[in-house]
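In: Fold the stuff below for me.
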Amino acid sequence: SSNEGLFMKSKINQEEIDKIIQERLSKEREEFEAKLKEANENIEGLQTGLDFREKQLKELKNDLKEANDKTKSEILQQEKIRESFQSQIRAIERVNEELKAKINRYKEGFGLLPEDAADGKEGVKNTTLVDQLKVEK
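Out: Numbering: from 1, shown residues only. Coordinates of the predicted model:
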């Protein structure tokens, strides 16, 4: 009978221990669930921020690509303009050379070139066409 009393006491103690353990587990579960909920809210906030930053980054990359494409286009445009100017300059230089050659041929025809006078041909060194015509009269 004393063993039965001890058994009942130990059974009561075991029930109290189980009750205390259940209360602690329940409290820890509530704390864990509250922390988990807070962590999930933080993750959602961070994810929203990340999504926004990724969208900004994508827009900036597109803007950069557009700027690069525009710059490349402008550089090509400038190249074309520069090539056009160089072509015009070469054309003008060719015309100038042709005009110089014509002028020299006219001077030769009137005996006005200094090298002609040095050759002993008829001609007056360093004279104008008007001076040459006066000499011929």
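In: And for Leu112, the neighbour number?
Out: Counted by other CB atoms under 10 Å, the residues lying close to Leu112 total 21. Placement of C-beta: from N, CA and C, glycine included.
In: quick one: it from Ile103, how far?
Out: 10 Å (CB to CB, to the nearest Å).
In: what residue ranges in the chain score low on pLDDT?
Out: For the chain, the stretches with pLDDT under 70 are 1-2, 5-7, 113-137.
In: Could you pull out the helices in it for me?
Out: For the chain, applying DSSP state H gives helices covering 2-109, 114-118, 129-136.
In: Including mean neighbour count, could those go into JSON lines?
Out: Formatted as JSON lines, the helices of the chain follow (neighbours: other CB atoms under 10 Å):
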{"stretch": "helix 2-109", "mean neighbour count": "10"}
{"stretch": "helix 114-118", "mean neighbour count": "14"}
{"stretch": "helix 129-136", "mean neighbour count": "11"}
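In: Point to the residue nearest the middle of the chain.
Out: Asn68 (4.1 Å; CA atoms, centre = their mean).
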